[in-house]
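**Student:** turn this into a model:
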Amino acid sequence: MKKLAFPQLASIVAILLYTLLLSCKSGEKLYNKGRYDEAVNAFVKKLQRKPQDATAARLLPEAYRQAQGMREDRVNSYLRSNDDLKWEHVRNEYRSLQSLYTAIHSSPAALKVVQPKDYRDAITGAQENAAEIRYNRGMDLLEKGDKASAREAYDEFGAALQLIPNYRDTKQRRDEAFQLGVVNVAVSQIEVRSTYFQFSADQFRDYLIRNLQQRNINQFVQFYDERVVKNANLYPDEYIELRFFDFVVGQTYVDRIERDVSKEIIVGTTKDTTGKEINLYKTVKATLYITKKTVVSKGLLDYRITNTNNWQVLRTDRIPGSYTWLNQYGTFKGDERALSDEDKRLMGGVDMAPPPPTELFMEFTRPIYDVLARDLQSFYSRI
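**Tutor:** Below is the predicted model:
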């Protein structure tokens with residue numbers, strides 16, 4: 001084992017003494033500031049390290065008495081109040097007192113000067129009362145029979161289980177509240193005027209439903225394909241109707257442009273009368289023949305959310321979307337040096353066929369999908 005040099009040993013001893021002194025002073029400061037729980041813990045730690053410390057032994061009983069009195073006063077205040085959830089506050093106070101009990105029992109020296117009270121039975125009683133209150137609130141809400149109250153009941157039963165797991169039949173009641181509180185939403189099939197695009201429209205709808213389900217926007221909202229609802233004999237609470245309106249796919253425009261270009265270039269150098277070298281310039285020219293093919297696809301999606309119980313329209317909107325495919329190519333006559341870099345990029349291109357109509361359909365609906373998904377997430381997150 002390596003021996004410490006005297007300066008190192010002295011330094012370590014000095015640090016330990018300073019820490020002990022600081023701990024004692026910290027406990028006194030906390031006590032003088034009325035932070036009695038923290039003072040108790042500080043004095044206990046001091047007695048764990050130095051069981052004979054007179055200051056900690058003298059102040060610990062008083063700090064504990066003050067902490068106990070302060071928290072029991074709060075308990076009595078809560079018990080006199082009309083707050084439905086007072087037993088949860090009472091439990092928290094008892095828990096704080098029990099933590100002091102545990103801390104003091106961790107130090108034999110601390111136990112010699114103070115005998116803390118065991119609050120385990122008090123905590124158990126408070127938890128049982130608190131759980132009963134939460135349970136009864138949940139049952140009262142369930143009896144109202146509406147979805148909003150059922151969702152509140154679900155939270156109440158959840159709070160009861162947090163207090164006492166397996167309390168009575170709370171799990172069963174919470175499941176019942178969840179089922180009553182859920183909003184089942186059916187998403188309609190999308191009808192388009194051309195059967196050629198029906199498959200693409202179905203893909204749009206299917207992807208939307210999967211995305212809404214995976215996002216888990218709200219635990220109380222469940223999305224279904226309209227076909228699933230019919231086959232399972234489910235009765236949806238809300239119905240999202242989707243319809244593509246006034247769409248055009250593959251509208252083609254061809255523009256042929258003829259454009260003259262010119263540029264001054266340096267062709268050499270010469271000297272002036274003073275002998276200074278100067279550049280010689282020449283203007284070069286060319287004619288560009290550019291073909292620009294533009295294929296435009298665009299349309300509108302109407303959507304409407306309806307409450308199926310009273311057929312009230314909850315939300316309606318129309319979302320535009322568009323996609324433009326562009327191909328440009330060209331040739332030129334004349335001096336290539338007259339062309340700009342952008343002009344050169346157009347030269348030598350070829351006439352390309354646009355994507356197939358089904359792909360164009362998916363492209364113009366992509367921005368529609370993004371807006372629709374955000375709208376539905378915003379709408380259903382507030383339920």
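
**Student:** can we go C-alpha only for contacts and neighbour counts from here?
**Tutor:** Will do.

**Student:** what sits against the nearest residue to residue 63 once chain neighbours are set aside?
**Tutor:** Spatial nearest neighbour of residue 63, excluding adjacent residues (Cα to Cα, 6 or more residues apart in numbering): residue 36 at 5.3 Å. Residue 36 makes contacts with 30, 63-64, 66-67, as judged by Cα atoms under 8 Å, 6 or more residues apart in numbering.

**Student:** distance check, residue 36 against residue 66.
**Tutor:** According to Cα to Cα, to the nearest Å, residue 36 and residue 66 sit 6 Å apart.

**Student:** residue 352 too?
**Tutor:** 87 Å.

**Student:** and these two? Which one has more around it.
**Tutor:** residue 66 (18 against 11; other Cα atoms under 10 Å).

**Student:** what sits against the more buried one?
**Tutor:** With Cα under 8 Å, 6+ apart, residue 66 has these contacts: residue 36.

**Student:** contacts for stretch 338-346, please.
**Tutor:** In contact with stretch 338-346 (Cα under 8 Å, 6+ apart) are residues 261-264, 284-286, 290, 328-331.

**Student:** and those, which of them are buried?
**Tutor:** Buried residues within the contacts of stretch 338-346, defined by neighbour count using 16 or more other Cα atoms under 10 Å: 262, 284-286, 290, 328-331.

**Student:** now distance to residue 107, pLDDT and secondary structure too, for those, in a markdown table please.
**Tutor:** Shown next, in a markdown table, are the buried ones among the contacts of stretch 338-346 (distance: Cα to Cα, whole Å; pLDDT from 0 to 100; DSSP: H, G, I helix; E, B strand; the rest coil):
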| residue | distance to residue 107 | pLDDT | secondary structure |
| --- | --- | --- | --- |
| 262 | 96 | 95 | strand |
| 284 | 98 | 94 | strand |
| 285 | 99 | 96 | strand |
| 286 | 98 | 95 | strand |
| 290 | 92 | 93 | strand |
| 328 | 86 | 91 | strand |
| 329 | 88 | 91 | strand |
| 330 | 91 | 92 | strand |
| 331 | 94 | 92 | strand |
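
**Student:** of all pairs in those, which one is the farthest apart?
**Tutor:** 284 and 328 (24.2 Å; Cα to Cα).

**Student:** and the contacts of stretch 338-346, which two are furthest apart?
**Tutor:** Most distant of the contacts of stretch 338-346, by Cα to Cα, are 264 and 328, 26.4 Å apart.

**Student:** before we move on, back to that, which one of the buried ones among the contacts of stretch 338-346 sits closest to residue 203?
**Tutor:** Distance ranking of these against residue 203, using Cα to Cα, places residue 328 first at 31.3 Å.

**Student:** if I look at the closest one, how far off is residue 356?
**Tutor:** Distance from residue 328 to residue 356, by Cα to Cα: 18 Å.

**Student:** do the same with residue 377
**Tutor:** Applying Cα to Cα to residue 377 and residue 356 gives a distance of 32 Å.

**Student:** and the two? Which one has more around it.
**Tutor:** residue 377 (16 against 10).

**Student:** which residues touch the more buried one?
**Tutor:** Counted by Cα under 8 Å, 6+ apart, residue 377 has contacts 212, 217.

**Student:** if you set the cut-off to 7 Å instead, what comes out?
**Tutor:** Neighbour list for residue 377: residue 217 [criterion: Cα atoms under 7 Å, 6 or more residues apart in numbering].

**Student:** which of the three states applies to it?
**Tutor:** Here residue 377 is recorded as helix under DSSP: H, G, I helix; E, B strand; the rest coil.

**Student:** show me the contacts for residue 317.
**Tutor:** 302-304.

**Student:** now with 6 Å, please.
**Tutor:** 302-303 (Cα atoms under 6 Å, 6 or more residues apart in numbering).

**Student:** quick one: it is in a strand?
**Tutor:** Yes: counting by three-state DSSP, residue 317 is found in a strand.

**Student:** ok, what's across the strand from it?
**Tutor:** Beta-bridge partners for residue 317, by DSSP bridges, are residue 303.

**Student:** most remote residue from the chain's center?
**Tutor:** No residue in the chain sits farther from the centre than residue 273, which is 77.3 Å out by Cα atoms, centre = their mean.

**Student:** how about that one, what does it touch?
**Tutor:** Contacts of residue 273 (Cα under 6 Å, 6+ apart): none.

**Student:** give me the distance between it and residue 281.
**Tutor:** On the measure of Cα to Cα, residue 273 and residue 281 end up 18 Å apart.

**Student:** tell me the helix or strand right after the lowest-mean-pLDDT helix or strand in the chain.
**Tutor:** When each helix and strand of the chain is scored by mean pLDDT, DSSP states H and E, helix 6-32 comes last, with a mean of 59. For helix 6-32, the following helix or strand on the C-terminal side (DSSP states H and E) is helix 36-49.

**Student:** what's the average pLDDT for that following helix?
**Tutor:** Taken as a whole, helix 36-49 carries a mean pLDDT of 95.

**Student:** residues of it that come out buried?
**Tutor:** Neighbour-count burial for helix 36-49 [16+ other Cα under 10 Å]: 36-48.

**Student:** also stretch 295-313?
**Tutor:** 295-301, 303, 305-307.

**Student:** and which of the buried residues of helix 36-49 is nearest to residue 234?
**Tutor:** Relative to residue 234, the closest of the buried residues of helix 36-49 is residue 37; by Cα to Cα it sits at 57.4 Å.

**Student:** how much space between the closest one and residue 182?
**Tutor:** To residue 182, residue 37 is 45 Å away according to Cα to Cα.
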